[in-house]
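In: build me a model:
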Amino acid sequence: MELEHFIGRQRERLPGEWLQPCSERLDTAGSYTAVMSTASKESLESSLRQLKCHFTWNLIAEDESLDEFEDRVFNKDEFQNSEFKATMCNILAYVKHCRGLNEAALQCLGEAEDFIQQQHPDRVEIRSLVTWGNYAWVYYHMGQFSKAQAYLDKVKQVCKKFSSPYRIENPALDCEEGWARLKCTKNQNERVKVCFQKALEKDPKNPEFTSGWAIANYRLDDWPAKNDYIDSLKQAINLSPENTYVKVLLALKLDEVHKTQAKALVEEALKKNPSAMDTLLSAARFYYKVYDVDRAIQLLRKALESLPNNAYVHYHIGCCYRSKVHQMLNRREMAFNGDRKKLQELIQLALNHLQKAEEMKEMLEHSCSFLADLYTIAKQYEEADHYFQKELSKDLPPGPKQLLHLRYGNFQFFQMKREDKAIYHFMEGVKIKRKTKPKEKMREKLRRIALRRLHEDESDSEALHILAFLQEDENGQQADKDSERAGRGGACL
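Out: Presented below is the predicted three-dimensional model:
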């Protein structure tokens with residue numbers, strides 16, 4: 001993991017050496033123990049809840065496990081690994097605490113302090129408030145209440161300068177919360193937007209705040225006008241020309257008309273910062289988007305050197321090779337020009353990476369379906385059926401579920417010659433109340449099967465059942481349309 005790599009650089013220190021700076025600061029205030037002897041645990045916790053830090057921001061969704069949270073934050077999403085190291089150290093400390101690894105959490109917070117000293121020497125106190133708040137919470141959960149109170153008092157000493165006990169309104173804190181929510185949360189888009197808006201209102205030309213606003217604009221899917229986030233990305237580049245990640249994000253948003261400009265931005269970013277994971281991964285995504293799969297694979301393989309155990313990197317490499325397989329299959333001359341060996345090599349490369357991704361992290365979206373597709377092409381039908389069944393066992397959204405029923409139905413019909421199973425899966429896909437192209441394809445396949453069977457036997461009960469099913473589905477769709485029209489009409493009254 002990239003984040004673990006830069007945190008681990010200093011972990012060879014002895015534990016005493018690692019925590020010495022913190023211990024020295026704590027020893028300067030001998031009254032902390034006395035304060036804690038009279039203060040109750042409840043009042044301490046009440047004060048802790050007023051802090052602005054990762055422990056009070058509700059970063060993990062209620063329906064999300066800690067495994068899912070950690071995987072999404074550190075593996076699935078791209079990193080902001082070059083400029084926001086203190087932020088990432090704080091996030092890692094929070095995850096370590098949630099895992100019950102409080103000593104490791106303290107080490108991460110010590111690393112965050114080091115980065116703050118390096119990157120913000122003129123604003124150490126303000127920039128350290130979140131880290132100190134996290135320290136207080138970790139020590140509180142460790143039962144070391146005097147140390148928790150010590151860090152709480154450090155926060156209070158800064159905040160009292162602004163006539164506030166434990167929290168202040170400051171753009172740096174708004175920005176820190178924005179980064180944390182942008183990186184950690186799934187469904188808090190509006191809150192992320194508010195954080196960066198507040199920071200920019202107080203300091204509209206700040207490069208870091210502008211970059212955060214631009215990345216938020218890029219990632220949030222509820223923005224009405226495309227030009228809004230293109231303009232914000234351009235502004236971020238003007239203020240932060242060294243931010244290569246934002247350059248690639250802009251390239252990803254430029255349309256076909258500006259393809260040459262987009263490629264120039266990506267190559268400039270890669271030349272400037274060739275080893276940054278966020279830049280590499282987003283650049284690979286760009287080249288996949290513009291159908292330069294070989295360049296995407298080259299970049300992903302470079303990322304794999306630093307992230308050999310990242311399931312998502314393996315997954316994306318496998319997807320690239322699968323794309324090359326389908327490109328070859330779509331060339332009619334492939335069967336006649338000796339490319340069969342090349343095709344088999346590509347299939348094996350795709351299988352290797354997708355299988356490795358699946359082994360590292362089960363339930364990756366589409367991974368089993370893609371493996372089944374590749375095994376079908378390779379005519380290894382037993383393996384293909386295994387992965388189809390594995391994908392069917394997943395709790396998929398309606399759209400992907402429909403597409404899976406179409407693919408598995410086709411597999412049963414064409415490869416396994418099991419028309420009964422094909423009919424079953426086509427019908428299961430049609431039952432899903434979602435009007436999509438896969439649904440229409442399944443309806444048409446069922447209609448053709450039924451008509452063929454009736455041509456062979458006018459009393460075929462299965463064929464009559466299929467036609468009755470299709471008619472019922474059509475009536476249901478019409479009823480839904482009528483209800484929708486009535487609803488719209490009522491709303492206008």
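
In: okay, CA-based contacts and neighbour counts for the rest of this
Out: Fine.

In: residue 44 touches residue 149, doesn't it?
Out: Yes: Residue 44 is within contact range of residue 149, at 7.3 Å (criterion: CA atoms under 8 Å).

In: neighbour count for those two, which is higher?
Out: Neighbours around residue 44 and residue 149, counted as other CA atoms under 10 Å, are more numerous at residue 149. The numbers are 25 against 18.

In: please, which helix or strand holds that one?
Out: Using DSSP states H and E, residue 149 maps to helix 145-159.

In: show me the domain layout of the chain.
Out: Domain ranges of the chain: 2-167, 169-240, 396-475, per automatic domain parsing.

In: which of the ones you listed has the lowest mean pLDDT?
Out: Lowest mean pLDDT of these: domain 2-167, a mean of 79.

In: what are the phi and psi angles of the residue minimising distance to the centre of the chain?
Out: Geometric centre of the chain, nearest residue: residue 77, 3.9 Å, by CA atoms, centre = their mean. When read as degrees, to the nearest 10, the backbone of residue 77 gives phi -80, psi 160.

In: can you list contacts of stretch 384-395?
Out: Defining contact as CA atoms under 8 Å, 6 or more residues apart in numbering, one finds that stretch 384-395 is touched by 363, 366, 368-369, 371-376, 401, 404, 408.

In: how far off centre is the helix or strand containing residue 423?
Out: Using DSSP H and E, residue 423 maps to helix 419-431. Centroid separation for helix 419-431 versus its chain: 33 Å, with CA atoms, centre = their mean, to the nearest Å.

In: stretch 133-148 now?
Out: With CA atoms, centre = their mean as the basis, stretch 133-148 stands 31 Å off its chain's centre.

In: in it, what counts as buried?
Out: 133-140, 145-148 (16 or more other CA atoms under 10 Å).

In: what of stretch 255-267?
Out: 262-263, 265-267.

In: ok so, going back, would you put the C-alpha positions of the helix holding residue 149 in PDB?
Out: Below are the C-alpha coordinates for helix 145-159, written out as PDB (Å, rounded to 0.1, in the frame of the first residue of the first chain):
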ATOM      1  CA  PHE A 145      -7.500   9.700  30.500                       C
ATOM      2  CA  SER A 146      -4.700  12.000  31.700                       C
ATOM      3  CA  LYS A 147      -3.100  11.900  28.200                       C
ATOM      4  CA  ALA A 148      -6.500  12.400  26.600                       C
ATOM      5  CA  GLN A 149      -7.000  15.500  28.700                       C
ATOM      6  CA  ALA A 150      -3.600  16.700  27.800                       C
ATOM      7  CA  TYR A 151      -4.400  16.800  24.100                       C
ATOM      8  CA  LEU A 152      -7.800  18.200  24.800                       C
ATOM      9  CA  ASP A 153      -6.100  21.000  26.700                       C
ATOM     10  CA  LYS A 154      -3.800  21.600  23.800                       C
ATOM     11  CA  VAL A 155      -6.800  22.100  21.500                       C
ATOM     12  CA  LYS A 156      -8.400  24.300  24.100                       C
ATOM     13  CA  GLN A 157      -5.400  26.600  24.400                       C
ATOM     14  CA  VAL A 158      -5.500  27.300  20.700                       C
ATOM     15  CA  CYS A 159      -9.300  27.600  20.500                       C
END
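
In: what about residue 43, neighbour count?
Out: 10.

In: just checking, what packs against the helix or strand hosting it?
Out: Using DSSP H and E, residue 43 maps to helix 41-48. Packed against helix 41-48 by the contact rule (3 or more CA pairs under 8 Å, 6 or more residues apart in numbering; DSSP states H and E) you find helix 124-141, helix 145-159.

In: what about the next helix or strand after that helix, distance to the chain center?
Out: For helix 41-48, the following helix or strand on the C-terminal side (DSSP H and E) is helix 66-71. Its chain's C-alpha centre and that of helix 66-71 lie 11 Å apart, by CA atoms, centre = their mean.

In: can you give me the buried ones in the following helix or strand past helix 66-71?
Out: Downstream of helix 66-71, the first helix or strand assigned by DSSP H and E is helix 85-98. By neighbour count on 16+ other CA under 10 Å, the buried set for helix 85-98 is 85-97.

In: how about stretch 435-443?
Out: 438-439, 442-443.

In: then stretch 170-186?
Out: Here stretch 170-186 shows 171-185 as buried, counting by 16+ other CA under 10 Å.

In: just the ones of the residues you listed in helices?
Out: The helices, defined by DSSP state H, take in 171-184 from these.

In: returning to what we had before: what is the nearest of the buried residues of stretch 255-267 to residue 314?
Out: residue 266 (21.8 Å; CA to CA).

In: which residues touch the closest one?
Out: Going by CA under 8 Å, 6+ apart, residue 266 touches 247-248, 251, 283.

In: again, but for residue 466
Out: 446-447, 450.

In: element containing it?
Out: Assigning secondary structure by DSSP H and E places residue 466 in helix 461-492.

In: ok, now residue 351?
Out: Using DSSP H and E, residue 351 falls in helix 340-360.

In: now that helix: average pLDDT?
Out: For helix 340-360, mean pLDDT is 95.

In: got it, and stretch 319-329?
Out: Here the average pLDDT along stretch 319-329 is 95.

In: and it, what's buried?
Out: Neighbour-count burial for stretch 319-329 flags 319-325, 328 (criterion: 16+ other CA under 10 Å).

In: dump those residues to JSON lines, plus distance to residue 241 and secondary structure.
Out: Output for the buried residues of stretch 319-329, formatted as JSON lines (distance: CA to CA, whole Å; DSSP: H, G, I helix; E, B strand; the rest coil):
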{"residue": "319", "distance to residue 241": "32", "secondary structure": "helix"}
{"residue": "320", "distance to residue 241": "31", "secondary structure": "helix"}
{"residue": "321", "distance to residue 241": "34", "secondary structure": "helix"}
{"residue": "322", "distance to residue 241": "36", "secondary structure": "helix"}
{"residue": "323", "distance to residue 241": "34", "secondary structure": "helix"}
{"residue": "324", "distance to residue 241": "35", "secondary structure": "helix"}
{"residue": "325", "distance to residue 241": "39", "secondary structure": "helix"}
{"residue": "328", "distance to residue 241": "40", "secondary structure": "helix"}
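
In: turn those residues into CSV, including distance to residue 469.
Out: Listed next are the buried residues of stretch 319-329 as CSV, based on distance: CA to CA, whole Å:
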residue, distance to residue 469
319, 36
320, 39
321, 40
322, 36
323, 36
324, 39
325, 37
328, 38
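
In: which of those sits closest to residue 156?
Out: Nearest to residue 156 among the buried residues of stretch 319-329, with distances taken as CA to CA, is residue 319, at 51.7 Å.

In: which residue is the nearest non-sequential neighbour of the closest one?
Out: Nearest non-adjacent residue to residue 319, counting by CA to CA, 6 or more residues apart in numbering: residue 350, 6.8 Å away.

In: can you get me a residue count around the one you found?
Out: 26.

In: this completes my enquiry, with thanks.
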